[in-house]
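K.L.:
okay, here's the prediction I keep looking at, along with the sequence it came from:
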Amino acid sequence: MGARMKKRAALIHTGGTFVMEKNMTGRLTPGHSAVSSIENHLLPRYPDIFVDQIELFNIDSSLFTPDYWILLADKIDELYRMYDGFIIIHGTDTLAYTAAALSFMLINLDKPVVITGSQLPLLERRSDAFLNLSSALEVIGDGALKEVSVVFNNKVYRGNRIKKRDVWDFHAFFSPNYPVLIKLGIGFDKKESLFLTPGAGVFKTDTRICRDVLLISFYPGLDFSFYITLVKNSKVKGIVIEAYGSGNIPSDNRTLDNLFSEAAKHGIVVVVCSQSPVGKVNLELYEAAEKADRYGLISGGDMTKEAALVKLMVALGRFQTREEVKDFMLHNIAGEKDKQG
């Protein structure tokens, strides 16, 4: 048997804790030493993968906007034929949103796109950065997973299924409603039956997106009149509701009824998710069913808030009619939701 052909990977830097360094006051700020440290200390361990490092930008991930998602998608599109896979270094705070966005923007993806980061900067003695990047390189080297994934703390997750769970522990992310795709221990434990099947068409990107989306999280005593004013007097085109439990909505709140009524009147799409990370929305379970029917509320199924919000932004950017947006939201596009939910 001949030697395995050397893989080519693009390692795209966007910033985040991974590359940060302490300044004169001891605060963490974006640094530039990570590239040389990776080149000198990690990449020599992977002679079977040729890696080009690309510094696309270098920011704290709290500064991310949809413009940065588009920059990433465009860069992958530009380099797509040159590489066998892509690794993105990203800050953890908004990583889930970026992973979801890329999963919808990169259409008919048939190469691995792996997003990772770290809880401690690479230059810190106890950093998890090298471990996470090593795991990402293992995924590229294996080549079987051809979707947008997130690698963290020896686990590989579907990108549009994750949530950040911990700001302190190295186990920073979890996937509440979909199993782990790969576990990296002494071995490389793949669950290939869970992997997405690449689309049959030619790879392409679609970065159209609508930013005019509102997120409302329910809490006892929330005054919805503020949102009614927004709906009447702003360019809001979509709302994601974080409701209680399995999508439970207060049944006797007249102000909330007025909000839904105004949203329907202005053609605003309303998607209902759950504040509970595990499980899925069932709008037929409580009295919410009557409101859902009357005002055309759309169930987010078992999507995370992050995935639902980004998916709605994408849907409103691509489609003109409410029915098209609804159809997109209800269908499983990139493995982001249960096909039944």
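P.N.:
Ah, there it is.
K.L.:
Val270 pairs with what?
P.N.:
Under DSSP bridges, the beta-bridge partners of Val270 are Ile239.
K.L.:
what separation is there between it and Asn258?
P.N.:
Distance, Val270 to Asn258, by CB to CB, to the nearest Å: 13 Å. From N, CA and C alone the C-beta is placed, and that goes for glycine too.
K.L.:
same thing with Asn132?
P.N.:
Following CB to CB, the distance that separates Asn132 from Asn258 is 47 Å.
K.L.:
neighbour count for these two, which is higher?
P.N.:
Neighbours per residue, other CB atoms under 10 Å: of Asn132 and Asn258, the larger number sits with Asn132, 26 against 15.
K.L.:
how about the secondary structure of Ala292?
P.N.:
With DSSP: H, G, I helix; E, B strand; the rest coil as the basis, Ala292 sits in helix.
K.L.:
OK, contacts around Lys280?
P.N.:
Asn177, Ser246, Ser274, Gly301, Asp302, Asp338, Gly341 (CB atoms under 8 Å, 6 or more residues apart in numbering).
K.L.:
tell me the SS of the second one?
P.N.:
Right, the one you point to is Ser246. Assigned with three-state DSSP, Ser246 falls in the coil class.
K.L.:
Ile298 bridge partners, please.
P.N.:
Val271.
K.L.:
only alpha carbons, please: show the longest strand along the chain as PDB.
P.N.:
Assignment by DSSP state E gives strand 49-59 as the longest strand of the chain. Extracted in PDB, the C-alpha atoms of strand 49-59 (Å, rounded to 0.1, in the frame of the first residue of the first chain):
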ATOM      1  CA  ILE A  49      -0.700  17.800   6.900                       C
ATOM      2  CA  PHE A  50       0.600  20.900   5.100                       C
ATOM      3  CA  VAL A  51      -0.800  23.900   7.000                       C
ATOM      4  CA  ASP A  52      -1.000  27.500   5.800                       C
ATOM      5  CA  GLN A  53      -1.800  30.000   8.500                       C
ATOM      6  CA  ILE A  54      -4.000  32.900   7.500                       C
ATOM      7  CA  GLU A  55      -4.600  35.900   9.800                       C
ATOM      8  CA  LEU A  56      -7.900  37.100   8.500                       C
ATOM      9  CA  PHE A  57      -8.500  39.400  11.400                       C
ATOM     10  CA  ASN A  58      -7.700  39.500  15.100                       C
ATOM     11  CA  ILE A  59     -10.500  40.500  17.400                       C
END
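K.L.:
and the contacts of that strand?
P.N.:
Strand 49-59 has contacts (CB under 8 Å, 6+ apart) with 6-15, 19, 30, 32, 35, 38-39, 43, 68, 71-72, 75, 79, 83, 91, 137, 140-141.
K.L.:
packing partners for the very next helix or strand once past that strand?
P.N.:
Remark: after strand 49-59, the chain's next helix or strand is helix 66-79, criterion DSSP states H and E. Contact here means 3 or more CB pairs under 8 Å, 6 or more residues apart in numbering; DSSP states H and E; on that basis helix 66-79 packs against strand 7-15, strand 49-59, strand 85-89, helix 95-105, strand 106-107, strand 204-205.
K.L.:
distance to Ala308, mean pLDDT and mean neighbour count added to those, as TSV?
P.N.:
As requested, those are exported to TSV (distance: least, CB to CB, whole Å; pLDDT from 0 to 100; neighbours: other CB atoms under 10 Å):
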stretch	distance to Ala308	mean pLDDT	mean neighbour count
strand 7-15	23	98	22
strand 49-59	25	97	16
strand 85-89	22	99	27
helix 95-105	9	99	26
strand 106-107	19	98	20
strand 204-205	21	98	16
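K.L.:
list the buried ones in the helix or strand where Gly317 lies?
P.N.:
In this assignment (DSSP H and E), Gly317 forms part of helix 305-318. Of the residues in helix 305-318, 305-317 count as buried by neighbour count, 16 or more other CB atoms under 10 Å.
K.L.:
poorly predicted segments of the stretch 201-341 of the chain, please.
P.N.:
288, 340-341 (pLDDT under 70).
K.L.:
80 instead?
P.N.:
Residues of the stretch 201-341 of the chain that meet the criterion pLDDT under 80 lie in 251, 286-289, 339-341.
K.L.:
now Asp166: closest residue in space, sequence neighbours ignored.
P.N.:
Nearest residue to Asp166, sequence neighbours excluded (CB to CB, 6 or more residues apart in numbering): Ala172, at 5.4 Å.
K.L.:
residues in contact with the one you found?
P.N.:
Per CB under 8 Å, 6+ apart, neighbours of Ala172: Thr92, Gln119, Phe152, Asn153, Lys164, Arg165, Asp166.
K.L.:
export those to a markdown table and append columns for secondary structure.
P.N.:
Formatted as a markdown table, the contacts of Ala172 follow (three-state DSSP):
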| residue | secondary structure |
| --- | --- |
| Thr92 | coil |
| Gln119 | coil |
| Phe152 | strand |
| Asn153 | coil |
| Lys164 | strand |
| Arg165 | coil |
| Asp166 | coil |
